[in-house]
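Engineer: Sharing a sequence plus its predicted fold:
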Amino acid sequence: QVQLVESGGGLVQYGGSLRLSCAASGRTFSYFSMGWFRQAPGKEREFVATINYIGSMTDYADSVKGRFTISRDNAKNTVYLQMNSLKPEDTAVYYCAARPFWGGTYYQPKTYDYWGQGTQVTVSS
């Protein structure tokens with residue numbers, strides 16, 4: 001089992017920045033690739049970013065490329081999502097997720113085994 005706890009969400013103005021954190025506990029953190037997803041009211045959960053076991057490979061949704069950066073610190077059992085140039089359309093509950101392999105359809109939520117409870121990000125215009 002892996003327990004994931006997100007933090008760092010909040011209210012920010014258009015163009016602002018936030019850094020989300022996801023702290024993991026339980027099994028060895030470096031065995032898992034990690035993902036960030038988000039879900040806005042009335043919409044399906046969508047892929048935001050992913051990172052492999054050691055942080056050497058990442059990928060992003062087109063909507064956040066160039067604005068968001070995913071990173072991880074295996075010594076701290078934590079994955080981060082740095083979000084810059086935020087837009088109102090980034091408003092959503094953000095979730096981190098873990099799975100014990102890399103590659104394949106990492107943009108699909110169903111391929112992840114463990115999920116956090118989510119943290120709300122609201123961007124005002």
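Structural biologist: Noted; the coordinates are in hand. Numbering: from 1, shown residues only.
Engineer: List the contacts of the spatially most central residue of the chain.
Structural biologist: Nearest to the mean C-alpha position of the chain, counting by C-alpha atoms, centre = their mean, stands Trp36 at 2.2 Å. Counting by C-beta atoms under 8 Å, 6 or more residues apart in numbering, Trp36 makes contact with Leu20, Cys22, Val48, Ala49, Thr50, Ile70, Val79, Leu81, Tyr94, Tyr95, Cys96, Ala97. For the C-beta atoms, the positions are set from N, CA and C on the backbone; glycine is no exception.
Engineer: Report all helices and strands that whatever helix or strand Tyr95 lives in contacts.
Structural biologist: Using DSSP states H and E, Tyr95 sits in strand 92-99. Helices and strands touching strand 92-99, by 3 or more C-beta pairs under 8 Å, 6 or more residues apart in numbering; DSSP states H and E, are strand 2-7, strand 18-26, strand 33-39, strand 78-83, strand 114-115, strand 119-124.
Engineer: can you rerun that using 6 Å?
Structural biologist: strand 2-7, strand 33-39, strand 114-115, strand 119-124 (3 or more C-beta pairs under 6 Å, 6 or more residues apart in numbering; DSSP states H and E).
Engineer: re earlier: tell me which of the contacts of Trp36 is nearest to Ser125?
Structural biologist: Closest approach between the contacts of Trp36 and Ser125, by C-beta to C-beta: Tyr94, at 18.9 Å.
Engineer: Need the residues that contact the strand holding Tyr95.
Structural biologist: For strand 92-99, the surrounding residues in contact (C-beta atoms under 6 Å, 6 or more residues apart in numbering) are 2, 4, 6, 20, 22, 32-40, 79, 112-116, 118-121.
Engineer: Quick one: buried ones out of these?
Structural biologist: Buried members of the contacts of strand 92-99, counted by 16 or more other C-beta atoms under 10 Å: 2, 4, 6, 20, 22, 32-38, 79, 112, 114-116, 118-119, 121.
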